[in-house]
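Participant: here is a sequence together with a model predicted from it:
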Amino acid sequence: MDSIDDCSFARSSSSDVFGKLDAELPPVRISADVLSEVHKLASAAGMNLSEYLRTMVHVRVFGIEHVLTLQADRLRRAMGNAEQLQSEKQ
């Protein structure tokens with residue numbers, strides 16, 4: 001590596017497609033039954049509760065198409081990096 005620009009980091013500077021997670025929503029009181037159902041929905045989606053709720057907020061605020069586009073772009077960037085690593089190994 002000749003410069004810092006050539007450096008690959010183990011973690012990205014932002015773990016969320018909408019940027020730094022530096023704010024919180026206020027707590028919401030719900031029944032234990034509702035909480036149990038939300039946990040089940042999150043689990044079925046392969047997410048922890050916070051990730052699931054964050055995704056639901058993003059979809060409601062920005063719309064499903066925008067969220068899907070951002071996630072697809074992030075995946076394409078990651079796959080581009082994977083393809084680059086494969087070609088470097090050969």
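Facilitator: Great, that's in hand. Residues are numbered from 1 along each chain as shown.
Participant: at which residues are the helices of the chain located?
Facilitator: Secondary structure of the chain (DSSP state H): helices at 32-44, 49-62, 64-89.
Participant: a markdown table for the ones you listed, including distance to Glu24 and mean neighbour count?
Facilitator: In short, each C-beta sits where N, CA and C put it, glycine included. A markdown table is the format used below for the helices of the chain (distance: least, CB to CB, whole Å; neighbours: other CB atoms under 10 Å):
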| stretch | distance to Glu24 | mean neighbour count |
| --- | --- | --- |
| helix 32-44 | 18 | 12 |
| helix 49-62 | 10 | 14 |
| helix 64-89 | 20 | 11 |
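Participant: nearest to Pro26, of those?
Facilitator: Among the helices of the chain, the nearest to Pro26 by CB to CB is helix 49-62 (12.6 Å).
Participant: can you lay out the helices of the chain as TSV showing distance to Phe18 and mean pLDDT?
Facilitator: Formatted as TSV, the helices of the chain follow (distance: least, CB to CB, whole Å; pLDDT from 0 to 100):
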stretch	distance to Phe18	mean pLDDT
helix 32-44	19	98
helix 49-62	6	96
helix 64-89	8	81
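Participant: per-residue pLDDT, the residue positioned nearest the centre of the chain?
Facilitator: In the chain, the centroid-proximal residue (CA atoms, centre = their mean) is Asp16; its distance is 4.7 Å. As predicted, Asp16 sits at a pLDDT of 79.
Participant: what's the nearest residue to it if we skip its chain neighbours?
Facilitator: Arg54 (7.5 Å; CB to CB, 6 or more residues apart in numbering).
Participant: same thing with Leu41?
Facilitator: Distance criterion CB to CB, 6+ apart; nearest residue to Leu41, sequence neighbours excluded, is Tyr52 at 6.6 Å.
Participant: the nearest residue to Ala42 once chain neighbours are set aside and Ala44, how far apart?
Facilitator: Leaving aside its sequence neighbours, Ala42 sits nearest to Tyr52 (CB to CB, 6+ apart; 3.5 Å). Between Tyr52 and Ala44 the computed distance is 9 Å (CB to CB, to the nearest Å).
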